[in-house]
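Student: Got a predicted structure plus its sequence, pasted below:
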Amino acid sequence: MIERKLLVKAEGETSPKYGCKPEERPAKDYIRFGVINLDKPAGPTSHEVAAWVKRIIGVEYVGHGGTLETLWAFEGV
Amino acid sequence: MTGVLPITLEEARKVVQALLLSGKEYVCIMKLHGDVPENRVKEVLKEFEDTIYQRPPLRASVKRQLRTRKIYYIDFLEMEGRNVLFKVGCEGGTYIRKLCYDIGEVLGCGAHMQELRRTRAGPFVEEEGLVTLHDVAYWFSKWREGGDDAVLKKFIQPMEKALALVPKIYVRDTAVDAICHGASLTAPGVLSLETGITAGSTVAIFTLKGEAVALAEAQASSEEILGMDHGIVARVKRVLMPRGTYPKCWKSGEI
């Protein structure tokens, strides 16, 4: 794992009037800007599993990070 | 269960691009088609710890042209008869089924992939916050029934987590909305940045609150950016934050 150091170029502050720390987002936004680290069940495709999550949570769009198992069988990509 | 599959919700779908490119780790059972001594198998697995050539399989979601993928490590774990258990760390887009087939060719006896479990996708690992579909359904209904918002944190993580391994540049509040509109990041907007950035590499632009603003292509290295007082630092490739989250102040320069 690469260790990164922080280089400071200028001092600055952030206004509490705008934005929000990711872990403090109100529930609705926390979901909208959220990722689920899902343990994919064997059998259904990644697309099907993503669609199930979409239905359970009732969101409009979901995406997934890398296909695991295609239509055919197990396929590690 | 076949392992780590990060699912992005709504706005977070924009970080998928970063996840697809990130490194993956799998635990795999490979079935040999003949008897091979264990030390020979170990030897050949070592040979594959390299940059390898792969043509995507017939049924693939990408163009079928020969491409190279890096195999960072292959750890032999166990062998029982013709079943070989190993762990492999590789670049995003490596086909493990193909890898097993090729290992079989080198061994001479042939082989195929029997079972596969993904143990890592970029910053997402199986030891940390991995949940099942049942967990998702359970915790979500708990929350809907009037549960505390803390319940959501049991199964959802902020999209910023997906960018944990991407080098970051932190910018002023006044630079944020211009970037959300697609403008390039210029030197005066930069407050701090992480080491390891090179010209052409992908960086994540963040606010001081730790929110992701955009994915961008760096135009200079970390050290060079540190010394710049004007000019373009990074060109925006994918905006992650909705416009208007921060005030528009590219004319006034003030909040």
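Tutor: Right, received. Where do you want to start?

Student: If the residue nearest to residue B:166 when sequence neighbours are not counted is in a bridge, with which residues?
Tutor: Distance criterion C-beta to C-beta, 6 or more residues apart in numbering or on different chains; nearest residue to residue B:166, sequence neighbours excluded, is residue B:204 at 4.4 Å. Where C-beta positions appear, they are placed from N, C-alpha and C, glycine not excepted. Here residue B:204 shows beta-bridge partners residue B:168, residue B:215, assigned using DSSP bridges.

Student: Could you do residue B:194 as well?
Tutor: residue A:6.

Student: Quick one: residues contacting it.
Tutor: By C-beta atoms under 8 Å, 6 or more residues apart in numbering or on different chains, the residues touching residue B:194 are A:4-7, B:167-169, B:222.

Student: Residue A:22: neighbour count?
Tutor: 21 (other C-beta atoms under 10 Å in any protein chain shown).

Student: shouldn't it be in contact with residue B:210?
Tutor: Yes: between residue A:22 and residue B:210 there is a contact at 5.8 Å, judged by C-beta atoms under 8 Å.

Student: Which neighbours do the two have in common?
Tutor: Joint contacts of residue A:22 and residue B:210 (C-beta under 8 Å, 6+ apart) are residue B:160.

Student: Could you pull out the helices in the chain for me?
Tutor: Here I'm looking at chain A. For chain A, the helices defined by DSSP state H cover A:27-32, A:46-57.

Student: wait, I meant chain B there
Tutor: Going by DSSP H, chain B shows helices at B:16-21, B:38-47, B:96-107, B:133-144, B:173-180, B:222-227.

Student: would a markdown table of the helices of chain A with mean neighbour count be doable?
Tutor: A markdown table is the format used below for the helices of chain A (neighbours: other C-beta atoms under 10 Å in any protein chain shown):
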| stretch | mean neighbour count |
| --- | --- |
| helix A:27-32 | 16 |
| helix A:46-57 | 17 |
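
Student: Select, out of those helices, the one closest to chain B.
Tutor: Among the helices of chain A, the nearest to chain B by C-beta to the nearest C-beta is helix A:27-32 (4.2 Å).

Student: what's that closest one in contact with?
Tutor: A:20, A:57, A:59, B:9-12, B:143, B:149, B:152-153, B:156, B:158.

Student: Just want the most central residue of chain A.
Tutor: Closest to where the C-alpha atoms of chain A average out (C-alpha atoms, centre = their mean) is residue A:35, at 2.3 Å.

Student: what pairs with that residue across the strands?
Tutor: Bridge pairing for residue A:35 - DSSP bridges - gives residue B:8, residue B:157.

Student: residue contacts, it?
Tutor: Contacts of residue A:35 (C-beta under 8 Å, 6+ apart): B:6-9, B:12, B:15, B:124, B:156-159, B:161-162.

Student: quick one, strands of chain B?
Tutor: Secondary structure of chain B (DSSP state E): strands located at B:3-9, B:24-32, B:51-54, B:67-80, B:83-90, B:111-121, B:124-125, B:157-158, B:168-171, B:185-186, B:190-194, B:202-206, B:212-218, B:232-239.

Student: got these as TSV, with mean pLDDT columns?
Tutor: Below are those laid out as TSV (pLDDT from 0 to 100):
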stretch	mean pLDDT
strand B:3-9	96
strand B:24-32	97
strand B:51-54	95
strand B:67-80	96
strand B:83-90	98
strand B:111-121	95
strand B:124-125	96
strand B:157-158	98
strand B:168-171	98
strand B:185-186	98
strand B:190-194	98
strand B:202-206	97
strand B:212-218	98
strand B:232-239	97
